[in-house]
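Engineer: following is a predicted model, sequence given first.
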Amino acid sequence: MSNERPVDFPARQSSRNWSVLLAPGAWLCALGILFTLSGDACTSDTRAPLCALVIICVVAALYSAPLAWRGRSSMETALGVSAIFSAVLMLVAIPVLLLGSCHA
């Protein structure tokens, strides 16, 4: 038996490294798009687009944790970043999901 490691293709390794930026990218998208949509949500008195955006961004931030776990490259950093930004996105979701559309 040889102790050779399987060859990891550069494209696969690169996509694993990008998992570190998925959670901050989701937070950045949520921050910018929620700010833009808040005026329209108030005038139309609906918060469905805000809720949908928050849910999509939280799922994207949480999805970066399994990517980092599978990737094993800079795993601790990616897991920590995913946890922090997922928590921040969940805090952003509280006013969107609980308050009226003009108060969020």
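Structural biologist: Sure, I can see it.
Engineer: drop to CA atoms for contacts and neighbour counts, all remaining ones
Structural biologist: Noted.
Engineer: how far away is Val92 from Ala26?
Structural biologist: Separation of Val92 from Ala26 (CA to CA, to the nearest Å): 12 Å.
Engineer: the more surrounded of the two?
Structural biologist: Looking at Val92 and Ala26 with other CA atoms under 10 Å, you find the greater number of neighbours at Ala26, namely 23 against 18.
Engineer: distance from the helix or strand where that one lies to the middle of the chain?
Structural biologist: Element membership of Ala26, judged by DSSP states H and E, is helix 19-44. What separates the centre of helix 19-44 from the centre of its chain is 11 Å, taken as CA atoms, centre = their mean, to the nearest Å.
Engineer: what do you get for stretch 83-90?
Structural biologist: Worked out by CA atoms, centre = their mean, stretch 83-90 lies 8 Å from the chain centre.
Engineer: with only the CA atoms kept, save that stretch in PDB.
Structural biologist: Provided in PDB are the C-alpha atoms of stretch 83-90 (Å, rounded to 0.1, in the frame of the first residue of the first chain):
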ATOM      1  CA  ALA A  83     -20.900  31.300  11.800                       C
ATOM      2  CA  ILE A  84     -20.300  35.000  12.500                       C
ATOM      3  CA  PHE A  85     -22.000  36.200   9.300                       C
ATOM      4  CA  SER A  86     -24.900  33.700   9.700                       C
ATOM      5  CA  ALA A  87     -25.500  35.100  13.200                       C
ATOM      6  CA  VAL A  88     -25.400  38.600  11.900                       C
ATOM      7  CA  LEU A  89     -27.800  37.800   9.100                       C
ATOM      8  CA  MET A  90     -30.200  36.200  11.600                       C
END
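Engineer: contact partners of that stretch?
Structural biologist: 23-24, 27, 30, 54, 57-58, 61-62, 65 (CA atoms under 8 Å, 6 or more residues apart in numbering).
Engineer: possible to save those as JSON lines with pLDDT, distance to Ser86 and neighbour count?
Structural biologist: Output for these, formatted as JSON lines (pLDDT from 0 to 100; distance: CA to CA, whole Å; neighbours: other CA atoms under 10 Å):
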{"residue": "Ala23", "pLDDT": "87", "distance to Ser86": "7", "neighbour count": "28"}
{"residue": "Pro24", "pLDDT": "89", "distance to Ser86": "9", "neighbour count": "22"}
{"residue": "Trp27", "pLDDT": "90", "distance to Ser86": "8", "neighbour count": "21"}
{"residue": "Ala30", "pLDDT": "90", "distance to Ser86": "11", "neighbour count": "22"}
{"residue": "Val54", "pLDDT": "91", "distance to Ser86": "11", "neighbour count": "26"}
{"residue": "Cys57", "pLDDT": "91", "distance to Ser86": "9", "neighbour count": "26"}
{"residue": "Val58", "pLDDT": "90", "distance to Ser86": "6", "neighbour count": "22"}
{"residue": "Ala61", "pLDDT": "87", "distance to Ser86": "5", "neighbour count": "28"}
{"residue": "Leu62", "pLDDT": "87", "distance to Ser86": "6", "neighbour count": "21"}
{"residue": "Ala65", "pLDDT": "79", "distance to Ser86": "10", "neighbour count": "24"}
